[in-house]
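**Q** pasting a predicted model and its sequence here:
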Amino acid sequence: MTNDRRQDADDPAKKDGRACSLSRRQLLWESAAGFGSVALTGMLGSEFLASTAKAADGVRANPLAGAGRPVDAKAVARAKHVIFLFMYGGPSQVDTFDYKPDLYRLDGKTIDVPTFGRQGKRGGGRVVGPKWRFRQYGECGKWISDLFPHLATQVDKIAFLHSMYAESPIHGSALLNMNCGRIVSGHPSIGSWVNYGLGTLNRDLPGYVVMLDESGGPISGAKNWTSGYMPASLQGVQVRTEGTPILGLERPEGLTDPAQRALLDHLGRENGLHAAARGQNPELSARIEQFELAYRMQSAAPEAVELGTETEETRELYGLNDERTRRFGSKCLLARRLVERGVRFVQVYSGGGHNDDNWDAHGDLVFNHTRHAGRTDKPIAALLVDLERRGLLDETLVVWGGEFGRQPTAEYAKGTGRDHNSWGFTMWMAGGGVKGGTSVGQTDELGSKAVEDRFHVKNLHATILHLMGLDPNGLSYFFGGLDQKLVGVEGAEPIWKVVA
Amino acid sequence: MRRSLLLPLVLALPTLEPAHAGTGDTFADAREVIERRCLSCHGGDHRESGLSFATAETFALGGSRGPAVRADDPARSRLLEVVSYRDPSLAMPPQGVLPEDERAALERWVTAGAPWPEGDEGRLADPDAHPLEVDGPREVSAWWAYDPLVRPPLPPGDAEHPLDRHVEARLAAEGLERAGRARPETLLRRASFKLTGLPPSAALRDRFLGAVARDGFDAAWAALLDELLEDPQYGVAQARRWLDLVRYAETNGYERDNPKLNVWRYRDWVVRAFNQDLPYDEFASLQLAGDELVEELEDPADRADALLATGVHRLGVWDDEPVDRGQARSDERADIVDTFSVALFGTTMGCARCHDHKADPVTQREYFELTAHFRGLEGQNYSSHRPVADPPGPGMITIRERDARRAELDARLAAALDALPPDAPTPSPEGEVLIPDARGGAPVTWRLARRGPFDGWAAPGFDDSDWEEGPAGFGRKGTPASVVGTDWHQKHILLRTTFQLDRIPAALRLSLHHDDDVRVFINGVPVMEREGYIVEYMTVQLGPSALDALVVGRNVIAVQCEQDFGGQYIDVGLDTGFDPDAEGAPWAWAHEVIVSGADEDGAFRGLVDEKKTLEDTPIAEPYPAQIAFEGGPRPGQQHVELRGSVHALGEPVEPALPAAWTAGSAPDSAPYSPAGVRDSGRSSGRRSALAAWAFDGGRHVTARVEANRLFQWLFGRGLCRTPGDFGRLGERPTHPELLDELSLGLVERGWSRKEWLRWVMSSEAFLASSSGPAASFAADPRNDLLWRFDPARLSAEEFRDAALAASGELNTRLEGPWIFPPMAAEVRATASRPNAAWGRSSPEDAARRSLYVHVKRSLREPLLAVLDQPDPDLPCSSRFLTNVPTQALLTLNGDFAQRRARTLAAKVMGELGEDAALDELAEGCVEGALARPAGAEEVSRARALLASLQRDHGLDRAGALALFCLGLFNRNEFLWID
């Protein structure tokens, strides 16, 4: 932590944002003013929020007027967008990015090491040595496993967080922890927070997009992109690379664009006459506008998801010509196209459903991780390359990781499968404001537990918000008598060591 | 001179060497850290855990957990322990571990005996670093919500209705004019939606307008209110509002997101209670403590209702495999306390769980004293239930009917299976043995208890480590075909063991021998039961509910057997094979067809769901229900939980009420009497004591909260615009005296909500138009002064129900298990088991009111969700109203809207004839959708559209008319109430 950062904590302006502190001007009601105490940094944000949400009980005043600006005055927004590559199921750190040379020779040996996974707490077990060779890459000389030959060439863009820990080693609660900050259900996800804080840059597209695996959603489904107690307009919208991109976007069969246009013109006229007689209800004309926005979305969204306009070189780069990488590659490419068009937060899931359809390698680690790394390595590397050459990497924060990692020991008497591990795991970040070619934190020599510079999930969230120009300890939303925060009412510091 | 806080003891110790000799002034370094890191929560008015660093004296007092510095052994002081971050539940500061140099500075100071200089040197820079911005939160000062409830003076004026007197007096004082009375048609639609959530039918409209012409408005209006209040749909509409508040959902959330057994009976009870106009005090008391109050009831229907009302305690999110069981229990209790605090007392308590409330006069201790009322509920877990015996009634079937329907479904399934193509998926006959039965000579060891079933015993998380162990099978030698490994000769036995799965199998097969009645559970879900005995092993193919209950990894199978007479034996084996001739095989096969995606038209899904609905349909005998119960008269000891953590317990507390609530009790009310320790009985009586006080000594608060909420339901906003928070963080009422008048009005009407609604809906304020003088709008656009009736947007449920009503499809049947309207495949694909995520109801059921749509925490119905139905995890006292294009996409392009539009068009064409003139058809559609005659110009515009759609866009007549109807459903006129 640097000195100037520490002084931030004493800045009286920041104290307003502390746990439960009351600044009357920040207190706008989830019910009365419609829109909690409010974060707001952009003009578009204010327009968007004011025009799209208020409470059902009829408060007319702009809930954003006079709201505090819980923006870190000393922080400049480094990133405008986030692409969160969610490795659902929990990749094994010691087989991917957390190089543990001593672990190889312990393979098959039974050792004492406390672990906590879905099998409960254990005191030790049979070591499963790392199943891939590690090599050094880049100017930083980072050790990367052979699972990621493409991504390895990009290590100088990446900051590795080797000492992550989470509150639960069970999928359901751990997913909520990683996406919504808490293991208790009902709280908004990080994409909702970012859109709440910053507003949208393109009203023709949703500000928060989620792309799922073909095998299904993650456990708890929509809870992972919920807006919780915030308005539904802040929840993640599922976008598909195949079929109809967004629910309801496709005109019903047999209805042409001109016929729909004719209907909308008629509807606009009727609604206009209705509204004209009710000048005292501004919501009516706002809704008339939403029909036009929806109409525009019908062309804007398909344009955004149309990957056919990309060059052959780009398609090859993302692995669209290889059946193994085509699907995840399409999503990475679409993620780039969406941030180009102003989408704030894109989450892409690698893996879905259950078992080996995701990174949850309980049985055969080699089979599982070969499959999922094989599907994602090239596309993710391509995303970093492509964002950089288009000048987007500086303003786009890429986050990689799962809801937890895996244990150094075997789950069963036989085989290479590893159980969940929330005591230590690796995530990485790249782009928007992140110091590339760095690694922070350490697990113990077995990779079982974070021991040095430990970072809670909250610290990761604080880092993301900070890089977006938001004060993680100030961005709050009033609900249930509390200034709720993504990082919890007690707050959390960003991981300064990876902030460029 | 310097003095040490610990002087006498320090002197007795060997001299302590500072860890770093450094400056020698250990305080100066430590003080910087204290000022920066500690004072904001432990200084000035803030004394988290009672500890304050403000001065040497306050610090010496220590906190509620004792002294911060240990005199006898400073190195082991609590202060150093908490900053070490070794124990996460005690770690300080909460923002994160201190940098090493700061931690070292504190350590040097503490190990030096925590010297604190006198005078300026020892005075901290800003001991009040974090002053409160709200005055006097600790003292129980006058605050409108907690003041005694006394009748306010009636303002002078001409208006008859006291509500209007108050409103008009304020308007006159501000010089504003109010809007005139709305037209009868407008008022009819307004009243119909407010009371029943549905648009008025054409028949009702004719009746009402006829009565207005014949008897005058006042008489017609009174008759209309009578009719609407007696309509059973009244209960459906009011229940929805209440269910928002108590975060009603039908699943538990988290990985399995299992359904809550029979939870819909709570929903049905709420509907019934509204329709019967159960007085609000009883309505709320039964929910708080129906299980305790049931002892006073005679009528079997009342007794069942009292128990079902407590289902409210089981609605919350339940993590069935919590990472920290004790903390999860505390979180569940907090969820219940927070919900009741908001719903009954209009107080947001969440804050006080971790520290004294910073704005409202509620201390952390009081929070846990309130929590102590609910402490006895700790025996509940996500799968526990109690029997409730309904008197036979509607929606129930007899056992004979059930058996007949079972046979019929079996026959239909057999036919469907016969019709499958030969290459249709079947579960593989080969399977892996998960649990061998005793015949193979290698029996598994089970945990067993020789007793009858009790709550939660079959749950996966149940701790059976103190049960005895024994090899299978269990029984008495000599029972036919038995292989006894463990002697069992008592009446009851419970068995548990685990098996591992690395993937979810396609089939699950039991080998079974039982004598007598047996029930089998997998991961707590009942999957099979058989009565009587058999004389040799048999095979049972388990059905969809068993397969859905499986998880990858550790699974728990639990078996309960009860001996009647004669021989006795129980043994169960399990494998993943499939035997087409086994009992239950067709349903297992159906599951495979569904899961493999081969069920293209959903026929199998429909059958499985019909079967499930049948099995869930109540029979006229006791059924299990998730209701509240306590384990006995003495709940566990409740403590203050420091920072909300059960791992940092503070002082023990007993049930009590926040002083703020009791200060304004009416003099004639009985004082709160905490239930003394009962010596016997099934319950502590604490919740019924709370209920008794709430509507007597606490009625000044509870009546205000409910009257305000009723006002909110009618007018779109409460007189206090923050109906869930009457505290200092909320807004003050716009008309405090009127609120008191309406609150007294509720109490004086015997807490009858129907009477109250009849009264308030007869005021000019309710009858006012939504449009009024421009000057009033300019001066008071928020309508704080109630110069008009605020226009209201339909809720998500009202929109869906109104569309179904307009198309003539609405099924107004009440009660029963939840329904599954069709859900788009792309929405189901967001679930981790896309093919098993959502059911399928018959078209008739799918057209029931939205209240009956399944509320699944991880998979929300998209149309309802996008129109602002709240997330059901937390109480919602006021919905959002958003206006976004994704709503327009669904109401224009979504399957639901399209179907309603086509149906309405077809209905109108059917009624008027296919050859009817376009004008006539358009008029018919406008009438159907908007319940009013079409205007002449409107008809001509419609004709132009219909003609153009046919001429220029190639639509046929029916298609053009359907599109026109779609437009009608998207009119603002359809979505808004004037």
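**A** Looks like it came in fine. Residues are numbered from 1 along each chain as shown, chains lettered A, B, ... in the order given.

**Q** going by C-alpha atoms from here, please, whenever you check contacts or count neighbours.
**A** Will do.

**Q** correct me, but residue A:170 touches residue A:117?
**A** Yes: if you go by Cα atoms under 8 Å, residue A:170 and residue A:117 touch, sitting 7.0 Å apart.

**Q** can you show me the strands along the stretch 351-500 of chain B?
**A** The residue ranges that make up the strands of the stretch 351-500 of chain B, judged by DSSP state E, counting those that start in this stretch, are B:386-388, B:433-435, B:445-449, B:468-471, B:474-475, B:486-487, B:492-501.

**Q** residue B:268: which of the ones you listed is closest?
**A** Proximity to residue B:268, assessed across those by Cα to Cα, is greatest for strand B:386-388 (14.1 Å).

**Q** any residues touching that closest one, and which ones?
**A** If you take Cα atoms under 8 Å, 6 or more residues apart in numbering or on different chains as the criterion, strand B:386-388 is touched by B:304, B:307, B:308, B:622, B:623, B:624, B:625, B:626, B:627.

**Q** output the below-cut-off pLDDT ranges for the stretch 401-500 of chain A.
**A** Of all residues in the stretch 401-500 of chain A, none has pLDDT under 70.

**Q** can you list the residues of the stretch 401-500 of chain A near chain B?
**A** A:480, A:481, A:482, A:490, A:491, A:492, A:493 (Cα under 8 Å from any Cα of the partner chain).

**Q** restricting to C-alpha, output stretch B:579-592 in PDB.
**A** Extracted in PDB, the C-alpha atoms of stretch B:579-592 (Å, rounded to 0.1, in the frame of the first residue of the first chain):
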ATOM      1  CA  ASP B 579     -35.000 -53.100 -15.400                       C
ATOM      2  CA  PRO B 580     -38.000 -52.500 -17.600                       C
ATOM      3  CA  ASP B 581     -40.100 -54.900 -15.700                       C
ATOM      4  CA  ALA B 582     -39.400 -53.500 -12.300                       C
ATOM      5  CA  GLU B 583     -42.000 -51.500 -10.300                       C
ATOM      6  CA  GLY B 584     -41.800 -47.900 -11.300                       C
ATOM      7  CA  ALA B 585     -39.800 -48.500 -14.500                       C
ATOM      8  CA  PRO B 586     -42.100 -46.600 -16.800                       C
ATOM      9  CA  TRP B 587     -41.700 -43.400 -14.900                       C
ATOM     10  CA  ALA B 588     -37.900 -43.800 -14.700                       C
ATOM     11  CA  TRP B 589     -38.000 -44.300 -18.500                       C
ATOM     12  CA  ALA B 590     -40.100 -41.200 -18.900                       C
ATOM     13  CA  HIS B 591     -37.500 -39.200 -17.000                       C
ATOM     14  CA  GLU B 592     -34.800 -40.500 -19.300                       C
END
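
**Q** buried stuff in it?
**A** By neighbour count on 16 or more other Cα atoms under 10 Å in any protein chain shown, the buried set for stretch B:579-592 is B:579, B:582, B:583, B:584, B:585, B:586, B:587, B:588, B:589, B:590, B:591, B:592.

**Q** I'd like the mean pLDDT over stretch B:231-247, please.
**A** Averaging pLDDT along stretch B:231-247 gives 97.

**Q** and that stretch, how far from the chain's centre?
**A** 13 Å (Cα atoms, centre = their mean, to the nearest Å).

**Q** what sits up against that stretch?
**A** B:194-197, B:228, B:267, B:270-275, B:312, B:315-316, B:339-340, B:343, B:713, B:812, B:851, B:870, B:872-877.

**Q** from the residues you listed, which would you call buried?
**A** Buried members of the contacts of stretch B:231-247, counted by 16+ other Cα under 10 Å: B:194-197, B:228, B:267, B:270-275, B:312, B:315-316, B:339-340, B:343, B:713, B:851, B:870, B:872-877.

**Q** of those, which are in range of chain A?
**A** Among those, chain A is touched by B:870, B:872, B:873, B:874, B:877 when using Cα under 8 Å from any Cα.

**Q** how about these in TSV, adding secondary structure and pLDDT?
**A** Formatted as TSV, these follow (DSSP: H, G, I helix; E, B strand; the rest coil; pLDDT from 0 to 100):
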residue	secondary structure	pLDDT
B:870	coil	92
B:872	coil	93
B:873	coil	93
B:874	coil	91
B:877	coil	90
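
**Q** hang on, the earlier thing: so which of the contacts of strand B:386-388 sits lowest on pLDDT?
**A** Among those, residue B:622 has the lowest pLDDT, at 76.

**Q** isn't that one right up against residue B:389?
**A** Yes: here residue B:622 reaches residue B:389: they are 4.1 Å apart, a contact under Cα under 8 Å.

**Q** where along chain A do the helices fall?
**A** A:3-10, A:12-15, A:43-52, A:101-105, A:171-180, A:190-198, A:257-276, A:282-305, A:312-317, A:323-340, A:365-389, A:457-467 (DSSP state H).

**Q** return the distance of the last one from the chain's centre.
**A** Distance of helix A:457-467 from its chain centroid, counting by Cα atoms, centre = their mean, is 11 Å.

**Q** on that earlier part again, out of the ones next to chain A among the buried ones among the contacts of stretch B:231-247, which one sits closest to chain A?
**A** residue B:873 (4.9 Å; Cα to the nearest Cα).

**Q** show me what contacts the closest one?
**A** A:185, A:186, A:228, B:247, B:248, B:249, B:316, B:317, B:857.

**Q** gap between it and residue B:238?
**A** Per Cα to Cα, to the nearest Å, residue B:873 is found 20 Å from residue B:238.

**Q** ok, back up a step: by neighbours, which of the residues of the stretch 401-500 of chain A next to chain B wins?
**A** residue A:481 (27 neighbours; other Cα atoms under 10 Å in any protein chain shown).

**Q** isn't that one right up against residue B:346?
**A** No: when contacts are counted by Cα under 8 Å, residue A:481 is not listed as touching residue B:346 (10.8 Å).

**Q** and for the two, which residues touch both?
**A** Common contact partners of residue A:481 and residue B:346 (Cα under 8 Å, 6+ apart): residue B:725.
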